[in-house]
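K.L.:
structure for this input, please:
(chains A, B, C and D)
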Protein chains: 2
Amino acid sequence: MTETKFNINTNEYLPLRDVVFNTLRDAILTGKLLPGERLMENQLADKLGVSRTPVREALRMLELENLVELVPRKGAQVLDMSEKDIVDILEVRSALEGLATSLACKKMKREDLQKLKALEADFEQAISERDVERFVEIDEDFHDAIFESTENVKLIQMFRNLRIQLYRYRMAHAKQDSVMTTIVAHHRSIIRAIENRDSEEGSTVAHSHIKFQTESILRMMHEKQ
Amino acid sequence: MTETKFNINTNEYLPLRDVVFNTLRDAILTGKLLPGERLMENQLADKLGVSRTPVREALRMLELENLVELVPRKGAQVLDMSEKDIVDILEVRSALEGLATSLACKKMKREDLQKLKALEADFEQAISERDVERFVEIDEDFHDAIFESTENVKLIQMFRNLRIQLYRYRMAHAKQDSVMTTIVAHHRSIIRAIENRDSEEGSTVAHSHIKFQTESILRMMHEKQ
DNA sequence: AATGTCAATACAGTATACAATATTTTTTTA
DNA sequence: TAAAAAAATATTGTATACTGTATTGACATT
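P.N.:
This is a model prediction of the structure:
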């Protein structure tokens, strides 16, 4: 199917720790493992059919992503997130998003901008089909494209790290009335700023985009209670 | 010697992995382990008198801090940093520093501001004594104080992570002529912005502070060659 | 001499065994 | 019966043993 010329076959191999890591991360992000739940090495090892060693290493990787908390000699548990944590994360994300967008205004290639524009139609379709999951996916692509265009590896890395931490809230947020259409409107403004190579404007719009997201997530959390 | 009332004795205990981590990190940051150097688990375990297990875990922790690179089935080596890496890091740091300073303008307690001001005298003394090491330490305290005042745990965490990565360059940078006095001048502007509770100004000054640092480090690197 | 093949070696990946410490349960004592 | 002490158990920390894969070097082949 996929034609591969000179496929250097760089590693089909995944260490078990990565397999375990992916499995546990997915379980946490999809809510199969709940905040506060204890993660015991033996138990996980048995369940996954591996030894404790890769489980331990996977747990440490999860700690790096702030998904679990490790207390020496006590063990690991799935981290819960307070409202303040969410606000803190979004505050940092706003700064990063501002930087990324302003850099995108300077550096994004024309073809990549075209791809960004093409996503608009996908957004509209997802909205009309009320497909929140799809919408959220495209939203990820949109922001990914902006960060990628900065060509700043550290920036991309930090952004991904923050995003993972809020992954659990992304769906519920977008489900709210009119949130999706507002997001699309913001995206249009961002695209316009990039088109005009207006870094100042890009940064400003990005900030207000995240500000809206913050308010929306907070509103959702308060309603839920 | 040290009188301890109600010493809750919260863990004198450090897991071996942390001891190894600290040891290796220190060795990397002080240049005892050089970029590109291979870190072999057996060898390190023997040298440090522990087993491979804590060494492996320490290496993974170092990877998180971007101090070593881990290639599956190949092993670890001390990461080298290109000029681009440094610029990338400082670009992100600039955004974080801008956010932190603008938050400090809003949130810093008066007493903490006083402490910040008190550092000025220390800076002057370090300069007059040509004590670069001391100067750099106070500089760390200064920026730490600003980030602490934001009360944003994620922001502080990311800042620390970035700072560690540039630790190796901090001394050489400050050693250059007139750099220290310029830094102190910048700090005064930052303090003034916080005093005036002027977030906009704080953010701007912070950005130009890091911009100066970036240029200075780059200049140094080019001269060195 | 250049290239290819094979064996030897070194290394990381994984599993397991043992040690130390928390936690839980049971027993003792008031 | 409640609290304290002790024992039992569960769990993490560390060491070691084993496995599989790269890497290296010797040797053979061209």
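
K.L.:
would you list every one of the strands in chain A?
P.N.:
With DSSP state E, the ranges of strands along chain A come out as A:38-39, A:68-71, A:75-78.

K.L.:
tell me the strands beside the shortest one, with direction?
P.N.:
To tie it back to what came earlier, the one meant is strand A:38-39. Next to strand A:38-39 in the sheet, as set by DSSP bridges, lie strand A:75-78 (antiparallel).

K.L.:
what sits against A:Arg56?
P.N.:
A:41, B:57 (Cβ atoms under 8 Å, 6 or more residues apart in numbering or on different chains). To be clear about C-beta, it is placed using only N, CA and C from the backbone, and glycine gets the same treatment.

K.L.:
so which bits of chain A are right by chain B?
P.N.:
A:11, A:13, A:15, A:53, A:56-57, A:60-61, A:64, A:72-73, A:85, A:88-89, A:91-92, A:94-96, A:98-99, A:103, A:152-155, A:158, A:162 (Cβ under 8 Å from any Cβ of the partner chain).

K.L.:
whichever of those residues end up buried, select them in PyMOL.
P.N.:
Selection of buried members from the residues of chain A next to chain B for PyMOL, criterion 16 or more other Cβ atoms under 10 Å in any protein chain shown:
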select buried, chain A and resi 56+57+60+61+85+88+89+91+92+94+95+96+98+99+103+152+154+155+158+162
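
K.L.:
from the residues of chain A next to chain B, which are also near DNA strand D?
P.N.:
Restricting the residues of chain A next to chain B to those within reach of DNA strand D (Cβ under 7 Å from any atom of the strand) leaves A:13, A:53, A:56, A:72-73.

K.L.:
below-threshold pLDDT in chain A: ranges please.
P.N.:
A:1-12, A:224-225 (pLDDT under 70).

K.L.:
nearest residue to the middle of chain A?
P.N.:
Nearest to the mean C-alpha position of chain A, counting by Cα atoms, centre = their mean, stands A:Arg163 at 3.1 Å.

K.L.:
how about the contacts made by that one?
P.N.:
A:93, A:140, A:143.

K.L.:
buried ones among those residues?
P.N.:
By neighbour count, with 16+ other Cβ under 10 Å, these hold A:93, A:143 as buried.

K.L.:
show only the entries of the contacts of A:Arg163 found in helices.
P.N.:
Among the contacts of A:Arg163, the subset assigned to helices under DSSP state H consists of A:93, A:140, A:143.

K.L.:
test my guess that the last one contacts A:Thr101.
P.N.:
No. In terms of Cβ atoms under 8 Å, A:His143 does not count as a neighbour of A:Thr101; the distance is 9.4 Å.

K.L.:
roughly how far does A:Ala95 sit from A:His187?
P.N.:
Computed with Cβ to Cβ, to the nearest Å, the distance linking A:Ala95 and A:His187 is 19 Å.

K.L.:
meant to ask about A:Ala121
P.N.:
Going from A:Ala121 to A:His187 by Cβ to Cβ gives 12 Å.

K.L.:
okay, those two: which has more neighbours?
P.N.:
Each of A:Ala121 and A:His187 has its neighbours counted (other Cβ atoms under 10 Å in any protein chain shown); A:His187 has more, 22 against 10.

K.L.:
nearest spatial neighbour of that one, skipping sequence neighbours?
P.N.:
Counting by Cβ to Cβ, 6 or more residues apart in numbering or on different chains, A:His187 lies nearest to A:Phe142, which is 6.0 Å off, once chain neighbours are set aside.

K.L.:
same thing with A:Arg170?
P.N.:
A:Val136 (5.4 Å).

K.L.:
my guess is that neighbour meets A:Tyr169, correct?
P.N.:
No. Applying Cβ under 8 Å, one finds A:Val136 not in contact with A:Tyr169, separated by 10.7 Å.

K.L.:
the two: who's more crowded?
P.N.:
A:Val136 (19 against 16).

K.L.:
now the helices for chain A?
P.N.:
Remark: helices assigned in chain A by DSSP H are A:16-29, A:41-48, A:52-64, A:83-107, A:110-128, A:132-150, A:153-166, A:170-175, A:179-195, A:199-224.

K.L.:
quick one: closest of those to B:His222.
P.N.:
helix A:153-166 (21.4 Å; Cβ to Cβ).

K.L.:
near DNA strand D, which residues of chain A are found?
P.N.:
A:13, A:38-43, A:52-53, A:56, A:72-76.
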